[in-house]
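1. I'll drop the sequence and a predicted model, then ask my questions.
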Amino acid sequence: MPPTPLTRQVAARILDYIRAEQVATGTRLVERTLADHLRVSRSPVRNALRLLADSGAVTEAERGGYTVLTTDHELDLGEEPADDADEAIYLAIAADRLDGVLPDRITESALTRQYGLTPAQLNRILRRASSEGWIERLPGYGWEFRPTLTSARSYADSYRFRLTIEPAAILEPTFVLDRPALEHVRAQQQELADGAIHELNNIELFNINHVFHETIAECSRNEFFIEALRRVDHLRRLVEYRRSLPRESGVVRCREHVEIADLLLADRRAEAAERMREHLSTVTAEKTGS
């Protein structure tokens, strides 16, 4: 029996989630976590994972469940592929929301009319925005934009908050280094520093960088630090889409990321915490002028 439209849609949203969160190859996918993130029941998630396994995006784990097999995978949904027009419209919607042009709640028909979308474009754009966490489907009808930073003051406050919690997370007594995860994000940062940063847009760069910082915070095993950082990252996402450092400065910041990772891998946490503080202080000044 061919997969249902719901199964295909959930499978596509899982792929969007894997890409947006930079989920590493070999990472176990937890049905309950995916269901909570996508706001669906576990049954369509389970069917979607089977479809992704059949298509080669994930593979069955030895003790049940599924793990990510590849992060560079396209699922044939029987729709036209995304293109540059999608990207331009996506950024226009993000900018309009940030500027207060769009209301808190909006219908698919309103988005279609306002931005001249085809049904396939609308589906792709909403799936992408949902996977990135700045819009969510309402239980009944329509969509609701999630809260975001809307002023220079709140944006600057978010960086000062990070300056407080991220070095502290490294010094937590419950800190346990996830070496494979840190080595993975370190390799990404090294690749950026070696020149790949010039090939990425602001969205791609933000996704890689926030995963680096969240990977370190997750090692603290302190859910308050972890959830606080994730919350801040979601709130500042739209601002970061149109505000970034010059790529030359970005290369320097990526090298700082590599230095922090190397200190952690060498079990020099106190030095890593101080280097994180210095790094965030510099980025705060560069991006907020404070």
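-> Everything's here; your move.

2. number of nearby residues for the residue nearest to Ile216 when sequence neighbours are not counted?
-> The shortest distance from Ile216 to any non-neighbouring residue, by C-beta to C-beta, 6 or more residues apart in numbering, is to Ile170 (6.6 Å). Yep, even glycine has a C-beta here, placed from its N, CA and C like the rest. Other residues lying near Ile170 total 25 when counted by other C-beta atoms under 10 Å.

3. was I right to think Ile170 contacts Ala273?
-> Yes - the criterion here is C-beta atoms under 8 Å, and Ile170 meets it with Ala273 at 4.2 Å.

4. hmm, back to that, quick one: contacts for the residue nearest to Ile216?
-> Ile170 sits next to Ile216, Cys219, Ser220, Leu264, Arg269, Ala272, Ala273, Met276 when contact means C-beta atoms under 8 Å, 6 or more residues apart in numbering.

5. return the per-residue confidence for it.
-> For Ile170, the pLDDT comes out at 98.

6. list the buried residues of stretch 176-193.
-> Ala181, Leu182, His184, Val185, Arg186, Gln188, Gln189, Leu192, Ala193 (16 or more other C-beta atoms under 10 Å).

7. from those, which land in helices?
-> Those of these mapping onto helices are Ala181, Leu182, His184, Val185, Arg186, Gln188, Gln189, Leu192, Ala193, per DSSP state H.

8. local confidence estimate at the fifth one?
-> On pLDDT, Arg186 comes in at 95.

9. now Glu80
-> 47.

10. now Ser290
-> Model confidence at Ser290, given as pLDDT, is 67.

11. filter the contacts of Ile170 down to the buried ones.
-> Looks like the contacts of Ile170 have Ile216, Cys219, Ser220, Leu264, Arg269, Ala272, Ala273, Met276 buried, using 16+ other C-beta under 10 Å.

12. can I get the residues you listed in a markdown table including secondary structure, pLDDT and distance to Asp96?
-> Formatted as a markdown table, the buried ones among the contacts of Ile170 follow (DSSP: H, G, I helix; E, B strand; the rest coil; pLDDT from 0 to 100; distance: C-beta to C-beta, whole Å):
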| residue | secondary structure | pLDDT | distance to Asp96 |
| --- | --- | --- | --- |
| Ile216 | helix | 96 | 33 |
| Cys219 | coil | 95 | 37 |
| Ser220 | coil | 96 | 37 |
| Leu264 | helix | 98 | 40 |
| Arg269 | helix | 98 | 43 |
| Ala272 | helix | 98 | 40 |
| Ala273 | helix | 98 | 39 |
| Met276 | helix | 98 | 35 |
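
13. turn these into JSON lines, columns for distance to Trp134.
-> Shown next, in JSON lines, are the buried ones among the contacts of Ile170 (distance: C-beta to C-beta, whole Å):
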{"residue": "Ile216", "distance to Trp134": "23"}
{"residue": "Cys219", "distance to Trp134": "26"}
{"residue": "Ser220", "distance to Trp134": "25"}
{"residue": "Leu264", "distance to Trp134": "30"}
{"residue": "Arg269", "distance to Trp134": "33"}
{"residue": "Ala272", "distance to Trp134": "31"}
{"residue": "Ala273", "distance to Trp134": "30"}
{"residue": "Met276", "distance to Trp134": "26"}
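
14. ok, Glu60 touching Ala53?
-> Yes - contact criterion C-beta under 8 Å: Glu60 and Ala53 qualify, at 6.2 Å.

15. now for the two: what residues contact both?
-> Here Glu60 and Ala53 have Tyr66 as joint contacts, going by C-beta under 8 Å, 6+ apart.

16. and the two? Which one has more around it.
-> Neighbour count, other C-beta under 10 Å: between Glu60 and Ala53, Ala53 has more, with 16 against 13.
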